[in-house]
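Chemist: Pasting a predicted model and its sequence here:
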Amino acid sequence: MALNVFKLCISCNTQVHDAIFNDTFFSTLAIMLSALIVLAVVIYVIDAVGKKCFEKIRKLHPDKLNPVPLTTVSLILGVGIGGFIDGIIFHQILQWHEMVSNKISTSTVVGKSVNMFWDGIFHIATLAIIVGGIVALWKVGKRTGVSKDGRLLLGGIIAAWGLFNCVEGIINHQVAGLHNVREYANQNAWNNGFLLVSFLLIGLGALIIETRRKEENNRN
């Protein structure tokens, strides 16, 4: 009987199975996915606006390289990379929180296992985003007439990293309360500090992109 306590796989421990697949399973999944859906909408809007703006610029400068495809790809990659960095550093290395650690305590082996499951779902989602971003980047690399400036890619990734942290922080920390940046510290201070760093990352990414744009305009 004691040995079964340490069998924490979903299929061999009924406590773990029942703690995951209970009445809150689909609501938890929906909350997690909602952050990614919001990010997808934001990227779609940025892409659509960028395309319209570039069409106006192209009429005045027909030879200008289109920055929109690479910008969109960089945002996709930045969201995925930002998610991985968040999961690896805060969830796994520092273990300040896990995916649902504000709802299910990690102080028990079952609670730890349940949180590990949701961390895995989170990482699968971010991995899928990165794979999609790599495929999109490969397609951009084969296109002609589009910008392939490394600073545009870097700036977009950093800005999207901050954007991911901002959206994920507002939804998962502030609104849904799935977890906090640090569960056993001053939660509000850490959550607000996390958002502040997110905005700084967005600003840094935007600054890199803007610096590149000004240099390009000066050359032209």
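Modeler: Perfect, I can see it now.

Chemist: Only C-alpha atoms from now on, for both contacts and neighbour counts.
Modeler: OK.

Chemist: List the buried residues of the lengthiest helix in the chain.
Modeler: Ranked by residue count, the top helix of the chain under DSSP state H comes out as helix 25-60. Neighbour-count burial for helix 25-60 flags 28, 31-36, 39, 43, 47, 50-51, 54 (criterion: 16 or more other Cα atoms under 10 Å).

Chemist: Now Leu163: which helix or strand?
Modeler: Leu163 is part of helix 150-168, with elements assigned from DSSP states H and E.

Chemist: how many degrees apart are that helix and helix 25-60 in direction?
Modeler: Note on geometry: by axes from the mean of the first three to the mean of the last three Cα atoms, to 10 degrees, helix 150-168 and helix 25-60 are set 150 degrees apart in direction.

Chemist: pLDDT of helix 150-168, averaged?
Modeler: For helix 150-168, mean pLDDT is 96.

Chemist: which stretches of this structure form helices?
Modeler: When assigned using DSSP H, the helices of the chain occupy the ranges 2-5, 14-20, 25-60, 68-86, 109-142, 150-168, 187-219.

Chemist: Among these, which comes closest to Ala176?
Modeler: When the helices of the chain are ranked by proximity to Ala176, the top entry is helix 25-60, at 7.3 Å, counting by Cα to Cα.

Chemist: Check which helices and strands that closest one is in contact with.
Modeler: helix 68-86, helix 150-168 (3 or more Cα pairs under 8 Å, 6 or more residues apart in numbering; DSSP states H and E).

Chemist: ok, so what distance separates the closest residue to Cys9 other than its chain neighbours from Phe26?
Modeler: Sequence neighbours aside, Val16 is the residue nearest to Cys9 in space, at 7.3 Å (criterion: Cα to Cα, 6 or more residues apart in numbering). Taking Cα to Cα, to the nearest Å as the criterion, Val16 is separated from Phe26 by 16 Å.

Chemist: same deal with Glu215?
Modeler: 49 Å.

Chemist: One more: Lys142?
Modeler: Counting by Cα to Cα, the separation of Lys142 from Phe26 is 40 Å.

Chemist: returning to what we had before: state whether the residue nearest to Cys9 and Val109 are indeed in contact, as I suppose.
Modeler: No. Counting by Cα atoms under 8 Å, Val109 is not a contact partner of Val16; they are 9.1 Å apart.

Chemist: Comparing those two, which residue is more hemmed in?
Modeler: Val16 (22 against 14; other Cα atoms under 10 Å).

Chemist: ok, the more buried one - contacts?
Modeler: Applying Cα atoms under 8 Å, 6 or more residues apart in numbering, one finds that Val16 lies in contact with Leu8, Cys9, Ile10, Val110, Gly111, Ser113, Val114.

Chemist: what's the closest non-adjacent residue to the last one?
Modeler: Spatially, and ignoring its direct neighbours in sequence, Val114 is nearest to Ile20 (6.0 Å; Cα to Cα, 6+ apart).
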